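In: this one's structure only:
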């Protein structure tokens, strides 16, 4: 949702990431029902892509977005919860990245990661983003530019 001046802000950028990774999870889920010979490899590739996207996204939030919010928001509980949710996601990402297609728990791990991310996204959309947008001391448009730059750097490192 563009701000009053019609410009996209940091929340819009982060939410675009949320939507992109949700599509990847949907594609993964569709592949779990596929009988195609290359379905297992496609699932591995998608899982790697999901993990990369989420790793970059969480790092951007933790380096730039959350510290800026901590400085202006009185409610630290939401940010503490988000940080714990990130750690849970990172733990699952490490398990997924360390597994292979023969791991009978692989699909379950990716599915649970998707459920964690869905929950996390809902909290950010419904609680954190509105608070960020109402914080007068935050320049979310400039922060969007900073986040985009950091994302490019991180994607280059993880590619």
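Out: That came through fine. Bear in mind the structure is a predicted one, so any value in this text is a computation, not a measurement. Numbers count the residues shown, from 1 in each chain.
In: Against residue 67, how distant is residue 36?
Out: 44 Å (C-beta to C-beta, to the nearest Å). Bear in mind the C-beta positions are built from the backbone N, C-alpha and C, glycine included.
In: and what of residue 37?
Out: Distance from residue 37 to residue 67, by C-beta to C-beta: 47 Å.
In: And for residue 132?
Out: 12 Å.
In: So for these two, which residue has more residues nearby?
Out: Each of residue 132 and residue 67 has its neighbours counted (other C-beta atoms under 10 Å); residue 132 has more, 21 against 11.
In: which stretch of helix or strand covers that one?
Out: Element membership for residue 132 (DSSP states H and E) is helix 129-134.
In: what helices or strands is that helix leaning on?
Out: helix 10-32 (3 or more C-beta pairs under 8 Å, 6 or more residues apart in numbering; DSSP states H and E).
In: Name the next helix or strand downstream of the helix it packs on, please.
Out: Heading C-terminal from helix 10-32 (DSSP H and E), you reach helix 39-60.
In: which residues sit against that following helix?
Out: 14, 17, 20-21, 24-25, 27-28, 31-32, 34, 36, 86, 89-90, 93, 96-97, 100-101, 106-107, 110, 113, 117, 147, 150-151, 154-155, 158-159 (C-beta atoms under 8 Å, 6 or more residues apart in numbering).
In: what about burial for those residues, which qualify?
Out: Burial by neighbour count, 16 or more other C-beta atoms under 10 Å: within the contacts of helix 39-60 this picks out 14, 17, 21, 24-25, 28, 31, 86, 89-90, 93, 96, 106-107, 110, 113, 117, 147, 151, 154.
In: low pLDDT regions in this structure?
Out: 1-6, 101, 158-159 (pLDDT under 70).
In: rerun that using 80 as the cut-off
Out: Low-confidence segments of the chain, defined by pLDDT under 80: 1-6, 75, 101-102, 158-159.
In: give the contact list for residue 36.
Out: With C-beta under 8 Å, 6+ apart, residue 36 has these contacts: residue 42.
In: How much space separates it from residue 99?
Out: Going from residue 36 to residue 99 by C-beta to C-beta gives 21 Å.
In: same deal with residue 17?
Out: Distance from residue 17 to residue 99, by C-beta to C-beta: 24 Å.
In: same thing with residue 8?
Out: Separation of residue 8 from residue 99 (C-beta to C-beta) stands at 36 Å.
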